[in-house]
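Undergrad: Would you be able to build a 3D model of this:
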Amino acid sequence: MKRLAIDVRPGEYAVVRLPADAPVPAELLAPGEPAFVSVTRTPEELSIICPAGREPAGGTAEDGWRLLSVRGPLEFTLTGIIAALASELAAAGVALFSMSTFDTDHILVRGTDLDHAVKALRESGHEVAHP
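TA: You can find the predicted model right below:
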C-alpha cells in the first residue's frame, strides 16, 4: 500500500439512524459551515453522519466519533485504500466506520481510540496530521 496523507478533522461526530421514511434534515446540508455531513438512505434506514450536537431528533444516535480523511482527490483506479486502513486499524484493535465520497475516503474511529489509531497508521507508514 502506498503511503497516504491522512488528516484528523477537528471536533466529534455522531452517527444517527432514522426511519427509512424520515425526511432528510435540510439544516444539516446548508452551505457555510465547514463540517462533514453524510446522508445515506436505504430501504431500511436513513443514516446520517454529522457533527456531535447537531443530531436530528427522532433517531438513534451514537456520538463520540472522530473523523480521519485521506487527503485527496484519489483516482477511481486506486484499489485497496479502505481495505488497507481497515486492516491496519484492525491489527491495532481499533474499530472503524468508513465512507467514501467522489474525491476521497473517510473513516470514523471512537474518540477514545483516536490516539491509538493515529499511532497505528503512522507505524504503518502513513503521514497523519493530528493538530
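Undergrad: Each with direction, which strands does the lengthiest strand in the chain pair with?
TA: If you go by DSSP state E, the chain has its longest strand at strand 60-70. Using DSSP bridges, the strands paired with strand 60-70 are strand 5-8 (antiparallel), strand 13-19 (antiparallel), strand 105-110 (antiparallel).
Undergrad: a strand runs through Ala83, doesn't it?
TA: No - judged by DSSP: H, G, I helix; E, B strand; the rest coil, Ala83 forms no part of a strand; its state is helix.
Undergrad: looking at the strands paired with strand 60-70, which is buried most?
TA: Ranked by mean neighbour count under mean count of other C-beta atoms under 10 Å, the strands paired with strand 60-70 are led by strand 105-110, which reaches a mean of 22. C-beta here means a position set from N, CA and C on the backbone, and glycine is covered the same way.
Undergrad: Let me see the residues that make contact with that strand.
TA: Outside strand 105-110, the residues that touch it by C-beta atoms under 8 Å, 6 or more residues apart in numbering are 13, 15, 36, 38, 49, 64-70, 72, 74, 81-82, 85-86, 89, 94-100, 117.
Undergrad: So which bits of the next helix or strand after that strand are buried?
TA: Following strand 105-110 in sequence order, the next helix or strand is helix 114-123 (DSSP states H and E). Neighbour-count burial for helix 114-123 flags 114, 117-118, 120-121 (criterion: 16 or more other C-beta atoms under 10 Å).
Undergrad: Can I have the buried ones of the contacts of strand 105-110 as a PyMOL selection?
TA: With 16+ other C-beta under 10 Å as the criterion, this PyMOL line picks the buried residues out of those:
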select buried, resi 13+15+36+38+49+65+66+67+68+69+70+72+74+81+82+85+86+89+94+96+97+117
